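Asks: sequence and predicted structure, then a few things I'm wondering about:
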Amino acid sequence: MSRFFSEKHSALVPYVPGEQPKDMKYIKLNTNEAPYPPSEKAIAASAEAAKNLQLYSDPECSGLVSAIADLYGIDKEEVLFTNGSDEILNFAFMAYCDDNTPALFADITYGFYPVFAEINHVPYREIPLKDDFTIDITEYFGQKSTIFIANPNAPTGIMLTRAEIEEILKNNPDNIVVIDEAYVDFGGESCVPLINKYDNLLVTQTFSKSRSMAGARLGFGIACRELIRDLNTIKYSTNPYNINSMTMAAGIGCLADDEYRKRVCGIVRENRAWTEDALKKLGFEMTESRTNFLFAKHPDMDGGELYRKLKERGILIRHFTKERIRDYNRITIGTMEQMEAFVSAVKTILEEAAAERTDAATEVK
Ligand code: PMP
C-alpha cells in the first residue's frame, strides 16, 4: 500500500478471482465459464461494431434493452444493463444499504458480497447455511436489512424455489431483496415473473455463464421501474458508458440467437449429470447442483490436496479455504472431453493415494 492510499480503504480485502495461470495450457474448470464460444451472431455483430469504436457507446443501451424486453416480456423501463452482473450488485449495495439498512447474506455464498459491503462502508451480517448447505428461509424474515441471495447459490449449487423466495419477499415488505440469478439458466427457477408483484425485488442476471460471454462483461438487473430509476441514478453518477459498443452489439446478437443458449445449457446439464454420476461412483459426496458446476468432497482426500494434484496434471478446479467448505471443491462443467479427462485424473489420484496408504500400513506392520 502506498502512503497515499486513503485510510478509508486501508482494511479492504479485495475479492480474489479464480486463478488464470499462464505457465501451461490448463483444462479450466475453475471459474464457471462456458466451455463453448458465444453465438456466431454475437461474434459477427461485435466485429461489425468495432468499425465505429471512435464513437462513445449508447448510454441507454437502446438496442439491448429492446431485445431483452421482447425476450423476457418486460417493459424497457424495467431493465438496466451493467458491466457484468458484479456492477449491478455493487450498484445495489450503493443504492440500498447504509448504516440504518445493513446488508444480509448467507455465510457460504458469492464471495464478492462482503467485499461490496466493505468498499461501500456498509455494515453486513451473514446467516449460516444449515449443515446440509440449504437455506432456512424463515431466518430471512423481517430482518430490516437489504437481503442478497444467490439463487441457485454459489458455490453450493443449491436452489430455492420461486415460492420460497416469494415468502422471503412477503416477509420483508419494507426492504429490498436482491436475487442474484447468475446460474439460473442451468436449472433454477427465475424470479423475473415476480417483479411486478413485489416492488422490493431486484433480480440480477449475467451473460457470463449460459450465454458464453464472460469476457465481454455484460450483466443486467430486472425490477419495477422505480428501482431501475434508482440504479440508473447510481450508473449515471459513476459510469454512463458502462457497456462498450462491441459488448452491446455482441449482446444483441446473442439475444437474437436464444436457441443457441438453450442448446448450450442442455449440453452442460447433460455433462453435469454424467460427471455427477462418475464422481458418485468414485465415492464423492455432492450437493444437488442446479448450476454449471458441482460442489464435491471425497471422504478420503482433503479438498486442497485434490486441487493441488489436479493442478499438477494440468486441470484447474476451485478450492476455497473457508473453514466450513475446505473439504470441498467446486468443479465447473466443461465439454464431455474435458470432463472425461477430469474424472480419469481424479480416479488415478485416488488410486495412487489409496496405494500409498496401503504401503504405509504395511511398513507400520
Ligand atoms: N453472482 C455470482 C453468484 C457469481 O458466481 C458471479 C461470477 N463470479 C457473478 C455474480 C458475477 O458475474 P459477472 O460479473 O461475470 O456477471
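Replies: Received, thanks.
Asks: what's the burial count for H121?
Replies: Neighbours of H121 under the rule other CB atoms under 10 Å: 12. C-beta coordinates here come from the backbone N, C-alpha and C atoms, glycine included.
Asks: ok, now how distant is it from V16?
Replies: Remark: distance between H121 and V16 (CB to CB, to the nearest Å) = 21 Å.
Asks: what does E285 give?
Replies: For E285 relative to V16 (CB to CB), the value is 26 Å.
Asks: and these two? which has more neighbours close in?
Replies: Neighbours were tallied for E285 and for V16 using other CB under 10 Å; the higher tally belongs to E285 (13 against 10).
Asks: now the more buried one: closest residue in space that isn't a chain neighbour?
Replies: Excluding its sequence neighbours, the residue lying closest to E285 (CB to CB, 6 or more residues apart in numbering) is K297, at 5.6 Å.
Asks: does any bit of the helix or strand hosting that neighbour sit next to the ligand?
Replies: Using DSSP states H and E, K297 maps to strand 293-297. No. Applying CB under 6 Å from any ligand atom, one finds strand 293-297 out of contact with the ligand, separated by at least 9.1 Å.
Asks: now do that strand: distance to the chain's middle.
Replies: Averaging C-alpha positions (CA atoms, centre = their mean, to the nearest Å) puts strand 293-297 15 Å from its chain's average.
Asks: beyond it, next helix or strand please.
Replies: Counting by DSSP H and E, the element after strand 293-297 in chain order, helix or strand, is helix 303-312.
Asks: which other residues reach that next one?
Replies: Applying CB atoms under 8 Å, 6 or more residues apart in numbering, the contact partners of helix 303-312 are 26, 297-298, 316-319, 321, 325-329, 342, 345-346, 349.
Asks: A249 - how many residues pack around it?
Replies: A249 has 25 neighbours, counted by other CB under 10 Å.
Asks: now do the SS call for the residue lying closest to it once chain neighbours are set aside.
Replies: In space, and not counting its chain neighbours, A249 is closest to A49: 3.6 Å by CB to CB, 6+ apart. When classified by DSSP: H, G, I helix; E, B strand; the rest coil, A49 comes out as helix.
Asks: mind listing what A49 touches?
Replies: S245, M246, M248, A249, A250 are the contacts of A49 under CB under 8 Å, 6+ apart.
Asks: work out for me the element the last one sits within.
Replies: When elements are assigned from DSSP H and E, A250 belongs to helix 245-255.
Asks: and the contacts of that helix?
Replies: By CB under 8 Å, 6+ apart, helix 245-255 touches 38-39, 41-46, 48-50, 52-53, 55, 57-58, 61, 63-64, 67-68, 71, 81, 207, 211, 213, 216-218, 243, 260-261.
Asks: buried ones among these?
Replies: Buried subset of the contacts of helix 245-255 (neighbour count, 16 or more other CB atoms under 10 Å): 38-39, 41-42, 45-46, 49, 57, 61, 64, 67-68, 81, 207, 211, 213, 216-218, 243, 260-261.
Asks: circling back: for the ligand, state which of the contacts of A49 is nearest.
Replies: Checking the contacts of A49 against the ligand with CB to the nearest ligand atom, the nearest one is A250 at 14.0 Å.
Asks: hmm, T82 is touching I222, no?
Replies: No. Contact criterion CB atoms under 8 Å: T82 and I222 do not qualify, at 11.7 Å.
Asks: around the ligand, pick out the residues from the chain.
Replies: Residues of the chain lying close to the ligand by CB under 6 Å from any ligand atom are G84, S85, D86, Y110, A150, A154, D180, A182, T206, S208, A214, G219.
Asks: contacts only, for the fourth one.
Replies: Think Y110. Applying CB under 8 Å, 6+ apart, we find Y110 in contact with F148, A150, A154, D180, A182.
Asks: go on, the second one?
Replies: The contact partners of S85, taken as CB under 8 Å, 6+ apart, are D180, A182, T204, Q205, T206, S208, G219, F220, G221.
Asks: and those, which of them are in strands?
Replies: With DSSP state E as the criterion, strands contain D180, T204, Q205, T206, G219, F220, G221 from among those.
Asks: ok, the fourth one - how many residues close by?
Replies: For T206, the tally of surrounding residues (other CB under 10 Å) stands at 25.
Asks: any idea what it is bridged to?
Replies: Taking DSSP bridges as the rule, T206 bridges to G219.
Asks: can you offset everything so residue one is 601?
Replies: Yep, numbering from 601; the last one is T806 now.
Asks: hmm, R817 and it touching each other?
Replies: No. Taking contacts as CB under 8 Å, T806 lies outside contact range of R817: 9.3 Å.
Asks: which residues do those two both contact?
Replies: Residues touching both T806 and R817 by CB under 8 Å, 6+ apart: G684.
Asks: just to revisit the earlier point, out of the contacts of A649, the closest to P702 would be?
Replies: Comparing the contacts of A649 against P702 with CB to CB picks out M848 as the nearest, at 34.8 Å.
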